[in-house]
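J.: could you work out the structure for the sequence below:
(2 chains)
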Amino acid sequence: MDQGLLERLRERLDAEGREPVFAHGLLAVQLPREALLETVKLLQDEFGFDMFLDVTAVDWPEREPRFDVIHHFYSTHDHVRVRLKTAVTEADPVVDSLVGHYGSAHFMERECHDMYGIVFRGNADLRPILLYEGFEGHPLRKDYPKEREQPLVRYRE
Amino acid sequence: MNQVNEKTGAFEYLTTRKDELVGWARKFSIFPYPFVTACCAMEFMSVSSTMYDTDRFGAALPRFSPRQSDLLMVVGTITHKQAPILKKVYEQMCEPKWVMAFGVCATSGGFYRNYAALQGIDKIIPVDVYIPGCPPRPESVIDGIMQLQDKIANASHPIINEKF
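T.: Next up is the predicted model:
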């Protein structure tokens, strides 16, 4: 693992409201959502992070803003990882979509939209991918009742 | 009429009850339809191949068409998204038909208690035999098949019923 590269990246990212820190052996960056696309472009073009691993979210019910949207990137050349955390509020859970930068963003953003209700601005197809049409709510949010079922077939008596 | 039978007269006639005869025939020709969705499939493969060999019970030949099968084996977790498919497969099977819930997920949802998992297939289709276990041992599956055979042998088999 190229620790020097991560150190250079940390110095480069430490601006415009971003807070890069090392956590568990990888670089974790807290950033405002306005800076997301620009940061991703920088990671991809200047530092060679060519693989988009995952997008997910974390629900903090007591916190304001309530959600963290988490992006993970990997460099297949340097074998290092970077994590981006973007905080969004419950009233306006919108971040920019990465479909213009990574093709794999299409499906992963649909899943995140299913489970947490995060809206990805620029992803034109946010139909359910794991859930089904007509499913109400977002099951991985903490306020979704864990025993609530939404069956598609009517139960027998 | 050949010479031997003319001499002894043996087995020219036999008397039995219609239900017993039909039940005996049916219980040894259970053609299963494996509706396999999850990890129990490994155990299903084990029980249907040489070591345990469900062929001994006439339940060996999987028919991958619901129209040709008698026993719907539901092997694995059924989610709410999958439930309409299972229901449709069950409805496409011809009478007489039986259903086996293979493993705890099909029986009761198992340890899945959330938005996704159906809490037992008997919520949507009738079940004849439940096999517990996560996954069940091949011995329990064979026990389940034998219980189903008993059930078939002791049931009444109307030639014409309200559905046919």
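J.: so where's the chain uncertain?
T.: In the absence of a named chain, chain A is used. Counting by pLDDT under 70, chain A contains low-confidence ranges at A:1-2.
J.: chain B, not that one
T.: Within chain B, the ranges that satisfy pLDDT under 70 run B:1-11, B:60, B:161, B:163-164.
J.: what does it put close to chain A?
T.: B:80-81, B:83-84, B:87, B:113-116, B:118-119, B:122-126 (C-beta under 8 Å from any C-beta of the partner chain). In this view, the C-beta of every residue, glycine as well, is placed from N, C-alpha and C.
J.: run the last query once more with 10 Å
T.: Contact residues, chain B versus chain A (C-beta under 10 Å from any C-beta of the partner chain): B:79-88, B:109, B:113-119, B:122-126.
J.: buried subset of these as a ChimeraX selection?
T.: Here is the ChimeraX command that selects only those of these that count as buried (16 or more other C-beta atoms under 10 Å in any protein chain shown):
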select /B:79,80,82,83,86,87,109,115,116,117,118,119,122,123,124,125
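J.: in strands only, show me the residues of chain B next to chain A.
T.: Among the residues of chain B next to chain A, the subset assigned to strands under DSSP state E is empty.
J.: close to chain B: what parts of chain A are there?
T.: Within chain A, the positions near chain B by C-beta under 10 Å from any C-beta are A:115, A:128, A:130-132, A:135, A:137-140, A:144-156.
J.: and these, which are buried?
T.: A:Met115, A:Leu131, A:Phe135, A:His138, A:Pro139, A:Leu140, A:Tyr144, A:Glu149, A:Leu152, A:Val153.
J.: and the helices in the chain, which stretches?
T.: Using chain A. For chain A, applying DSSP state H gives helices covering A:3-13, A:36-46, A:105-116.
J.: not quite, go with chain B.
T.: Remark: helices assigned in chain B by DSSP H are B:3-8, B:18-27, B:40-48, B:83-92, B:104-108, B:138-154.
J.: pull the CA atoms of the second one into PDB?
T.: Right, the one you point to is helix B:18-27. What follows is helix B:18-27, C-alpha atoms only, in PDB (Å, rounded to 0.1, in the frame of the first residue of the first chain):
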ATOM      1  CA  LYS B  18     -59.800 -48.400  -4.800                       C
ATOM      2  CA  ASP B  19     -58.200 -45.800  -2.500                       C
ATOM      3  CA  GLU B  20     -55.600 -48.300  -1.300                       C
ATOM      4  CA  LEU B  21     -54.600 -49.200  -4.900                       C
ATOM      5  CA  VAL B  22     -54.500 -45.600  -6.100                       C
ATOM      6  CA  GLY B  23     -52.700 -44.500  -3.000                       C
ATOM      7  CA  TRP B  24     -50.100 -47.200  -3.400                       C
ATOM      8  CA  ALA B  25     -49.500 -46.300  -7.000                       C
ATOM      9  CA  ARG B  26     -49.300 -42.600  -6.200                       C
ATOM     10  CA  LYS B  27     -47.000 -42.800  -3.300                       C
END
